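Asks: Got a sequence here, can you model it:
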Amino acid sequence: MVMKAGRYATSRQKNCQRCSAAKAKCDRRVGGCARCATRSLPCVYPSQVSTPQGNGDTGEEAFASPLSATSTTEHLPLNPYIGSPAGIAIHDGAVQTLQLTPGETATVTSPVTSTTGSSSFNSYPTLTTSQLLSIESETLDFSNLGLFCPIQADDIKTRWLNSYVPDPTQKIKAYPIGVRVFIHRILKSYAATAVRGQGLPPFVHPSQLGETASRAPLSTCLSLVRICEKPLSGSEGVATDVLEREMNNVYEHHGTYDDMTLLAAFQAYLIYSMVLHFRLSQGPNSFLRQAMMNLQDLASLSSKRGLVCEAERRRERPRLEAWVAAEAKRRTLYTMYLFDSLLLAEDGLPTFLGTELYGLPAPANKALWNAKHRRGWETTYNIYLTDWPEDDFRIDELWPVPEDLAEVGLVERNKRVDRWIEKVDEFGTMMYAVTSCTHGG
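Replies: Prediction:
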C-alpha cells in the first residue's frame, strides 16, 4: 500500500538554513544571502536539500567552519562573496553556488555565462548531501586555553636586529638559490590563496572562521585582500594604501586584543605583508621593513600568551580549542620566520637560524589539522599519543645535526624524522624540504 506524503513533506520554509536557525532576517538572494556571505558561510535553501530517510544522525558534532570543506586548493570552491568591506569593489566574475541534488552529490553551476558552464566536481572529492550539511560550526570556547610559552619570546621581537647588529651566538644559515626560489613560490601561493578567496593559508585553522570563533582582524583581512586579485590597471597604489591603512589600524589596537584576537591580528598582519610583497610590490618598500618589525612584535606578544598546551607537556590530550590555538600560533610563527628570512636574503643580508624557537613542536600531522569533528579529532589525538608517548617531534630536530651527537643518537634522530614525515600535511612537508635542502639530513 502506498502511503500518502505528509501535509508538509515539502518544507514551506523560504529563508536559508542558516538564517532560519538563527531566527534572523534573510534577503533570499540567489547564490547566497547577504548574512551568510558576510560570515563566509555556505548558503543553502530548503528547496535545494533532499532529505534521505532516517534522521541522518552521524553521531558526531562538526567543529570545523564551512571553510574546512575548502581547506586545500583541491577542495570545493568557496562562495565568492566573502564579505567585501563597504566601498571596496571586487572584480566581476562567474559566481559559483552549491546545488544539492536528489542524487546527493555536489555539483556546481554558474548563474552567469562562463567558459566552464555547469559541471560536476570531477577534480574534487565528491561529498554527499549529509556530509555537506554536517560541516557546521560547533560553538567553540576559546577561553581559559591553558597554554604556556616554553621559549624566550622577547628574542622574537628583536630578531630584526640580528642582521644589523650581529650576535656572536647566532648561527648563520645560507639558503641555496634553489631553496630560496622554492620558499618564494610557496609563500607566494599562500598570499594567492587568500587573495583568491578559495581556501585558507595552511597556518589558519578552518575553525577560526566559524560563526562563534571568528575574530575581526582576520575576517576583515580575508575580505580586504580580495581587491588585489584583479586590480584595474593603475589602481595598485590605491590597493596598497588600503592595505597599509588597515595594517596600521590592526597594530595600533593590538594592546586591546584577547588571546585569540591577537592571534588573528598576527595572522592578518602576516597575510597583508605577504600580499604587499608578492602581489603589489613596486620595488624597495620602506613600509614593509617597518611592517616586519611590527609583525615580529605581534609574534612575540602572541607567543608570550602560550605556544604549547599544558596537557601536551603532560602527554595528555588537550582540549580541542587549546590545541587549535597553539598549533595555529606555531604554524604562523614558522611561516613568519620563512618570510623574514626570504626578505633578508633578497636584500642581500645574512639570515640566522631561529634558535629562539628551540624545543617547540614541529607542525602536527595531517589527520589532526584536517579533522572535521571533535570526536574524530579526539580519537586521532589518542592515536597520536600512542605514536609519540614520550614527547613531540620538535622543530630543532630539522636543524643541522649537532657536532657532538653520537652515532646512536643520530640513528634515533633519523627514526624520529621518518616517523614524523609519515603523517605530515603539505605544510610539514614544505618545512622538511626547506630544512633538509638547507642543512642536509
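Asks: Excluding sequence neighbours, find me the nearest residue to the residue sitting nearest the centre point of the chain.
Replies: Computing the C-alpha centroid of the chain and ranking residues by C-alpha atoms, centre = their mean puts residue 204 first, at 2.0 Å. Nearest residue to residue 204, sequence neighbours excluded (C-beta to C-beta, 6 or more residues apart in numbering): residue 267, at 5.7 Å. Any C-beta I mention is one placed from the backbone N, CA and C, and that applies to glycine too.
Asks: Can I take it that the one you found is in a helix?
Replies: Yes - assessed by DSSP: H, G, I helix; E, B strand; the rest coil, residue 267 belongs to a helix.
Asks: picking that back up, separation between the residue nearest to the centre of the chain and residue 259?
Replies: To residue 259, residue 204 is 16 Å away according to C-beta to C-beta, to the nearest Å.
Asks: Then residue 234?
Replies: 41 Å.
Asks: Then residue 171?
Replies: For residue 171, the distance to residue 259 equals 31 Å [C-beta to C-beta].
Asks: for residue 426, same thing?
Replies: 27 Å.
Asks: The helix or strand hosting residue 189: what's the following helix or strand?
Replies: Assigned by DSSP states H and E, residue 189 falls within helix 177-196. Using DSSP H and E, the helix or strand that follows helix 177-196 in sequence is helix 216-224.
Asks: report the angle between the axes of that next one and helix 177-196?
Replies: Orientation note: helix 216-224 sits at an angle of 90 degrees relative to helix 177-196 (axes from the mean of the first three to the mean of the last three C-alpha atoms, to 10 degrees).
Asks: please begin residue numbering at 587 from this point
Replies: Sure, I'll start counting at 587 from here, so that last one is helix 802-810.
Asks: Skipping its backbone neighbours, what lies nearest residue 975 in space?
Replies: That would be residue 901: by C-beta to C-beta, 6+ apart, it lies 6.6 Å from residue 975.
Asks: so that neighbour sits in a strand?
Replies: No - judged by three-state DSSP, residue 901 forms no part of a strand; its state is coil.
Asks: So what's the residue count around it?
Replies: Residues contacting residue 901 under the criterion other C-beta atoms under 10 Å number 12.
Asks: Hmm, it is touching residue 973, no?
Replies: No - counting by C-beta atoms under 8 Å, residue 901 stays clear of residue 973, with 11.7 Å between them.
Asks: for the helix ranked longest in the chain, the distance to its chain's centre please.
Replies: Across the chain, the longest stretch assigned as helix under DSSP state H is helix 906-932. Centre-to-centre, helix 906-932 and its host chain are 11 Å apart (C-alpha atoms, centre = their mean, to the nearest Å).
Asks: Just the element for residue 611, please.
Replies: Under the criterion DSSP H and E, no helix or strand holds residue 611.
Asks: Okay, residue 849 and residue 966: tell me how far apart.
Replies: For residue 849, the distance to residue 966 equals 23 Å [C-beta to C-beta].
Asks: And residue 835, by the same measure?
Replies: Distance from residue 835 to residue 966, counting by C-beta to C-beta: 38 Å.
Asks: How about residue 726?
Replies: 17 Å.
Asks: cool, residue 853 as well?
Replies: Distance, residue 853 to residue 966, by C-beta to C-beta: 24 Å.
Asks: Helices of the stretch 887-1027 of the chain, start to end?
Replies: Under the criterion DSSP state H, counting those that start in this stretch, the stretch 887-1027 of the chain carries helices at the ranges 896-899, 906-932, 952-956, 960-973, 993-1007, 1012-1025.
Asks: who wins for proximity to residue 733 among these?
Replies: helix 906-932 (5.7 Å; C-beta to C-beta).
Asks: what's the angle between the closest one and helix 1012-1025?
Replies: 40 degrees.
Asks: and the angle for helix 906-932 with helix 960-973?
Replies: Calculated by the same axes, to 10 degrees, helix 906-932 forms an angle of 70 degrees with helix 960-973.
Asks: now helix 906-932: mean pLDDT?
Replies: Mean pLDDT, helix 906-932: 96.
Asks: And that helix, what's buried?
Replies: Across helix 906-932, burial judged by 16 or more other C-beta atoms under 10 Å covers 906-931.
Asks: Check stretch 616-633 too.
Replies: Quick answer for stretch 616-633 (16+ other C-beta under 10 Å): 617-623, 625-631.
Asks: Lowest pLDDT pick from those residues?
Replies: Note: of these, the lowest pLDDT belongs to residue 626, at 66.
Asks: where in this protein is pLDDT low?
Replies: 587-599, 626, 633-724, 868-870, 1027 (pLDDT under 70).
Asks: thought the residue nearest to the centre of the chain was touching residue 913?
Replies: No - Residue 790 is beyond contact range of residue 913, at 10.9 Å (criterion: C-beta under 8 Å).
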